[in-house]
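Q: Show me how the following folds:
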Amino acid sequence: MEKTITEKLRCINYKGDLNNGVYNAISPRENDYEIDEGILYISYDGRNVIEVPGDFSNIEEFKKNAYQINREKTFFAYQKYPKSYLIYSNTMGATWQTIELPDNTSVQDLQFVNQSLGYMLLYKDITVGLATGCISKTIDGGETWQIINKGIGPEGEEHFRASSEIRFFYENLGFLTMPSVAGEDSDLYITRDGGSTFSKLKITDNLLQKEIYDYYELPTKEGETYYLGIGQGSDGDYNGGDTKKYESKDNTLSWQAIK
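A: Numbers count the residues shown, from 1 in each chain. Below you'll find the model as predicted:
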């Protein structure tokens, strides 16, 4: 996981001379990308276009949890079988680093808490909705990664779900979803030790109809308040298929229903 390639690239403006009335077709929106003839282009402002180094000819689009474009950290995870790669920039596209990931793996979910600290859910195999793989952590911006967790279950039987997702809010606090194959329900696991161990999170609200509301979503955070939605999954249509909302103001130690 430590093979690193550093590349430099200049910023390219494809809008051209306003007087000639001709614009190049490559025009990503703000903090978005386009792929054209195997070339990946990004833009931070919707005007200036930057070409990302590499061959992306086998990619039509990136998975929603495998890329990010913003001024602090930009990254793309992609696969060119049998290898997977992570390319990232901390300099708004001025320089790029490419990391080679283990063979025969795919990135299911990748996030950076800040420019240096990141977590990656990496899959090796998926069988009947169960996935084998690992959660890895980087503290140097993505240059090196360390495996910290191999899934839920006893040693040797650890697994994730095919649609699992992760979300970390800082180095110790994070969450992992475990949806059923068809999305009827989803368990939510929480870690308070940086991903080394996870325990199932359950809302202890006697008013919650647990047989109906059984799809735990990834929490979000606004300011110092965390928010959690519990939906009905793919098989639920009670009360229009609504979602119950909860909030925590004590760093997720307790949750209260939002009226």
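Q: How about Leu208: what's its closest non-neighbour residue?
A: Lys244 (6.2 Å; CB to CB, 6 or more residues apart in numbering). All C-beta atoms are positioned from the backbone trio N, CA, C, and that covers glycine.
Q: Would you agree that neighbour is in contact with Ala257?
A: Yes. Counting by CB atoms under 8 Å, Lys244 touches Ala257, with 6.9 Å between them.
Q: Counting neighbours, go ahead and name the busier of the two.
A: Neighbours were counted for Lys244 and for Ala257 using other CB atoms under 10 Å; Lys244 has more, 19 against 13.
Q: Let me see the contact set for that one.
A: Lys244 sits next to 208, 213, 229-231, 257 when contact means CB atoms under 8 Å, 6 or more residues apart in numbering.
Q: Equivalent analysis for Thr225, please.
A: Per CB under 8 Å, 6+ apart, neighbours of Thr225: 247-249.
Q: any chance of the residues you listed in JSON lines, with distance to Gly142, pLDDT and secondary structure too?
A: Formatted as JSON lines, those follow (distance: CB to CB, whole Å; pLDDT from 0 to 100; DSSP: H, G, I helix; E, B strand; the rest coil):
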{"residue": "Glu247", "distance to Gly142": "33", "pLDDT": "98", "secondary structure": "strand"}
{"residue": "Ser248", "distance to Gly142": "30", "pLDDT": "98", "secondary structure": "strand"}
{"residue": "Lys249", "distance to Gly142": "33", "pLDDT": "97", "secondary structure": "coil"}
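Q: quick one: which of those residues has the most company?
A: Highest neighbour count within the contacts of Thr225: Ser248, with 17 neighbours (other CB under 10 Å).
Q: so what's the closest residue to Asn149 other than its chain neighbours bridging to?
A: Closest residue to Asn149 apart from its sequence neighbours, by CB to CB, 6+ apart: Ile135 at 4.2 Å. Ile135 has these beta-bridge partners by DSSP bridges: Leu121, Asn149.
Q: Can you verify my assumption that Ile135 contacts Ile147?
A: Yes. Using CB under 8 Å, Ile135 is in contact with Ile147, at 7.5 Å.
Q: quick one: Asn239 is in a strand?
A: No. Going by DSSP: H, G, I helix; E, B strand; the rest coil, the assignment for Asn239 is helix, not a strand.
Q: tally of neighbours for it?
A: Counted with other CB under 10 Å, Asn239 comes out at 12.
Q: before we move on, the earlier item: which neighbours do Ile135 and Ile147 have in common?
A: With CB under 8 Å, 6+ apart, Ile135 and Ile147 have no common neighbours.
Q: Poorly predicted segments of the chain, please.
A: For the chain, the stretches with pLDDT under 70 are 1-24.
Q: separation between the nearest residue to Ile69 once chain neighbours are set aside and Ile99?
A: Nearest non-adjacent residue to Ile69, counting by CB to CB, 6+ apart: Asn31, 4.6 Å away. Here the criterion is CB to CB, to the nearest Å. By it, Asn31 lies 22 Å from Ile99.
Q: Looking at the two, which has the bigger crowd around it?
A: For Asn31 versus Ile99, neighbours defined as other CB under 10 Å are more numerous around Ile99 (22 against 15).
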